[in-house]
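K.L.:
Pasting the sequence and the predicted coordinates here, then a few questions.
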Amino acid sequence: MKIFNTLTRRKEEFVPLEEGKVRMYVCGPTVYNLIHIGNARPMIVFDTFRRYLEYKGYEVNYVSNFTDVDDKIINKALEEGVDASEISSRYIAECKKDMEGMNVLPATVHPLATQEIGGMIEMISALMEKGYAYAAADGTVYFRTGKFASYGKLSHKNLEDLQAGHRDIKVAGELKEDPFDFVLWKPKKEGEPAWESPWGQGRPGWHIECSVMSKKYLGETIDIHAGGEDLIFPHHENEIAQSEAASGKEFAHYWMHNGFLNINHQKMSKSLGNFFTVRDIAEKYDLQVLRFFMLSAHYRSPLNFGEDLMEAAKSGLERIRTAAEQLHRLLQASAQEEMTEHEEAVYAQSAQFQQKFEAAMEDDCNTADAVSAVFELVKFINMNVSAEHSRDYLNRLYDRLDCLCGILGIQIMPEQEMLDAEIEELIAERQKARKDKDFARADQIREELAQKGILLKDTREGVTWKRA
């Protein structure tokens, strides 16, 4: 299996640190709002790569964090007049709902930055002891980028050139030794969450959080570190600098980065009015369509989001599901149990599509070509099944299609819609729970219905509902 390593800018054979095991860290979202479709791309892409690794027999320790302390979270909390932890808890729960909707598997661990403050203080202290960090007069702790000789090796930016081009950069009141030194610890400001530290009350900088969470759950050296290409500099560059300065060991063997997502050939932006959350998309499409769309291009390529492309993805997914439904119907009606000799020969031919699929995934997780192999299998199935075929033959073809789509995280048989009577029954149970002041059960029922695409609205006249 080959992976394009951002560090070396070439495809390299994947060799895990420990045979049969993979340690993988993927940077997660900052939870201050609903996640947008740009956040969704790395979630879907690297979830798919993880699924393929597990299909190949690897035991994958997959860690993806939630950044739950950050300026954006604090600003949102101040805006609403609530505690920052209330904002982060709310949007972690919402993010998990969206991930479930996109069929993104839960990580082995989803660490929270606020629960790892002790480890961050330890790493910062170690960096200070080694001379890689210093405390300014106001209590801010900075990392000395100039002391880390290979700074810039991931982004391929030369620190000397960067410094030469910015000799005059100096923000008023800043106490840095060098403009390119970055923050490890911030002193407390009024109204912000803070923790005790040797440098006074404060909170960690963003970069140190991922280094510490990766170290705690995966070790000082990991196999794969991944995320969006916007994180290469400065976030991942800074992670390397502080992690390797602290441990003296290589931080990550392979670096994988997905390309940008554009909206109608423009960068996604709230100011341009082309900003979409995953929840926005869910109002119009099954989120399996969004997932299928994301996998239609190579993960390193920029991807353009538009309604015509989503409609094409919807049609493509329907082609696959139609083939699966046909197989399912034929299976129900099939009388003959065992495969005939002819069927065995035809089924053996279908292995070529699984081989093409695997070859695509082995070549730097090329999901675009893997999807093409699935379409070839679908065409083959459509041409080679009928009511006369044996149950064993039909079942094996179904399993092959289901296996390949499962690696992509695509569910070939959509969940059955709830019947109106089932919905009304749950609503009645919820109303009784509210009357009995069992609000936990009432909220649980609302959540269960929401996950099945049933939205409730409480009115003076009673409860109304609609399908999302």
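P.N.:
Perfect, thanks for sending it. Numbering: from 1, shown residues only.
K.L.:
Determine the number of other residues adjacent to the closest residue to Asn395 other than its chain neighbours.
P.N.:
Nearest non-adjacent residue to Asn395, counting by CB to CB, 6 or more residues apart in numbering: Leu331, 6.2 Å away. Quick note: C-beta positions are derived from backbone N, CA and C, even for glycine. For Leu331, the tally of surrounding residues (other CB atoms under 10 Å) stands at 17.
K.L.:
Tell me who's in contact with Leu331.
P.N.:
Shown in contact with Leu331 (CB atoms under 8 Å, 6 or more residues apart in numbering): 391, 394-395, 398.
K.L.:
Which of the residues you listed ranks first by neighbour count?
P.N.:
Leu394 (27 neighbours).
K.L.:
That one reaches Leu330, doesn't it?
P.N.:
Yes. Between Leu394 and Leu330 there is a contact at 5.3 Å, judged by CB atoms under 8 Å.
K.L.:
Identify the contacts common to the two.
P.N.:
With CB under 8 Å, 6+ apart as the test, Leu394 and Leu330 both reach Val385.
K.L.:
thinking again about what came up before, within the helices and strands, which one has the residue nearest to Asn395?
P.N.:
According to DSSP states H and E, Leu331 maps onto helix 307-333.
K.L.:
can you pull out the helices in the stretch 1-150 of the chain?
P.N.:
Remark: helices assigned in the stretch 1-150 of the chain by DSSP state H, counting those that start in this stretch are 37-55, 71-80, 84-101, 117-129.
K.L.:
Would you mark the buried spots in the longest one?
P.N.:
Translated: helix 37-55. Buried residues in helix 37-55, counted by 16 or more other CB atoms under 10 Å: 37-53.
K.L.:
closest to Leu449 out of the helices of the stretch 1-150 of the chain?
P.N.:
The minimum distance between Leu449 and these falls on helix 84-101, with 12.5 Å, by CB to CB.
K.L.:
Might one say that Cys365 is in contact with Ser301?
P.N.:
No. Using CB under 8 Å, Cys365 is not in contact with Ser301; the gap is 11.9 Å.
K.L.:
Which of the two has more residues huddled nearby?
P.N.:
For Cys365 versus Ser301, neighbours defined as other CB under 10 Å are more numerous around Cys365 (25 against 11).
K.L.:
who touches that one in this structure?
P.N.:
So Cys365 contacts 3, 45, 48-49, 52, 256, 299 (CB under 8 Å, 6+ apart).
K.L.:
now do Arg203
P.N.:
69, 117, 185-186, 188, 192-195.
K.L.:
Ok, His36 next?
P.N.:
Contact analysis of His36 by CB under 8 Å, 6+ apart lists 268, 275-278.
K.L.:
In helices only, show me those residues.
P.N.:
Among those, the members found in helices (DSSP state H) are Val278.
K.L.:
with the contacts of His36 in mind, which one is nearest to Leu309?
P.N.:
Within these, the smallest distance to Leu309 is 12.9 Å, found for Phe276 (CB to CB).
K.L.:
and the closest one, what are its phi and psi?
P.N.:
Phe276 has phi and psi values of phi -120, psi 130 when expressed as degrees, to the nearest 10.
K.L.:
secondary structure element for Val183?
P.N.:
Using DSSP H and E, Val183 maps to strand 182-187.
K.L.:
Just the mean pLDDT for that strand, thanks.
P.N.:
The predicted model assigns strand 182-187 a mean pLDDT of 97.
K.L.:
okay, the angle between that strand and helix 71-80?
P.N.:
Note on geometry: by axes from the mean of the first three to the mean of the last three CA atoms, to 10 degrees, strand 182-187 and helix 71-80 are set 30 degrees apart in direction.
K.L.:
Give the partner strands of strand 182-187 in its sheet and their orientations.
P.N.:
Partner strands for strand 182-187, per DSSP bridges, with pairing direction: strand 141-143 (antiparallel), strand 202-204 (antiparallel).
K.L.:
For the residue nearest to Asn395, give its distance to Gln349.
P.N.:
Leu331 is 20 Å from Gln349, where distance means CB to CB, to the nearest Å.
K.L.:
How many neighbouring residues does Asn75 have?
P.N.:
Per other CB under 10 Å, the neighbour tally for Asn75 reads 13.
K.L.:
swap that for Thr30, please
P.N.:
For Thr30, the neighbour count with other CB under 10 Å is 21.
K.L.:
and what of Ser372?
P.N.:
Ser372: 16 surrounding residues under other CB under 10 Å.
K.L.:
Just give the closest residue to Ile427, not the sequence neighbours.
P.N.:
Here the residue nearest Ile427, using CB to CB, 6+ apart, is Val463, at 5.3 Å.
K.L.:
so who does that neighbour touch?
P.N.:
Contact analysis of Val463 by CB under 8 Å, 6+ apart lists 427, 430-431, 456-457.
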